[in-house]
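Give me a model of this one.
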Amino acid sequence: MNWEQAQVRILNTITIDIHLDPRSRYKFIRAVPPYVSNMSAHMGKAAFRVQVGQNSHIDIPLEMLKVMHTQATLNNSRVYDKQLFERFYPNEYKNKPCYVQAIGKLFLRAGVATPIGSTKYQII
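Numbers count the residues shown, from 1 in each chain. Predicted coordinates:
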């Protein structure tokens, strides 16, 4: 599945209040594009807002999903994992490592990836 197909599936599947990980008390989608991030690192970008704690959220821009999907597909044997995320977004990983799981669960929930371990995902 190329990025354009994956993006359509993500945008059609991931809606407000979807629970990305039923094993977690959090990981709820609280906003979807055309929501625009106001976080300094992603200011002005269309994003998904994910609740990752009682009073904590992260914004996952569509651009970030595109980079992760594209890089996994082109350069990493179709595998999305911590190493791939950290290579492209070291600051986000350092500040909020929960990005890795949130993106993986988002890909999984949208049907653009399958799990190949507890923290690795195979892009379809």
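
the helices in this protein, which residues?
Ranges of helices within the chain are 3-13, 62-75, 82-88, 90-95, 98-110, based on DSSP state H.

Of all residues in this protein, which one is nearest the centre?
Central residue of the chain (Cα atoms, centre = their mean): Ile103, 2.2 Å from the mean position.

shouldn't that one be in contact with Phe85?
Yes. Ile103 is in contact with Phe85 according to Cβ atoms under 8 Å; the separation is 6.9 Å. Yep, even glycine has a C-beta here, placed from its N, CA and C like the rest.

Mutual contacts of those two, please.
In terms of Cβ atoms under 8 Å, 6 or more residues apart in numbering, Ile103 and Phe85 are both contacted by the residues Met68.

list the contacts for the residue nearest to the centre of the chain?
Counting by Cβ under 8 Å, 6+ apart, Ile103 touches Ile60, Met64, Leu65, Met68, Tyr80, Phe85.

In TSV: those, plus distance to Pro34, neighbour count and pLDDT.
Output for those, formatted as TSV (distance: Cβ to Cβ, whole Å; neighbours: other Cβ atoms under 10 Å; pLDDT from 0 to 100):
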residue	distance to Pro34	neighbour count	pLDDT
Ile60	14	22	98
Met64	16	22	98
Leu65	15	23	98
Met68	20	28	98
Tyr80	25	27	97
Phe85	24	23	97
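
Can you pick out the most distant pair from these?
Maximum pairwise distance among the contacts of Ile103 (Cβ to Cβ): 12.8 Å, between Ile60 and Tyr80.

From Thr73, how far off is the nearest residue to Ile124 once chain neighbours are set aside?
With Cβ to Cβ, 6 or more residues apart in numbering as the criterion, Ile124 has its nearest non-adjacent residue at 5.0 Å, and that residue is Met1. Applying Cβ to Cβ, to the nearest Å, one obtains 8 Å for the distance of Met1 from Thr73.

Need the overlap of contacts for those two.
By Cβ under 8 Å, 6+ apart, Met1 and Thr73 have these common neighbours: Ile123.

Since that was my last question, I'll sign off now.
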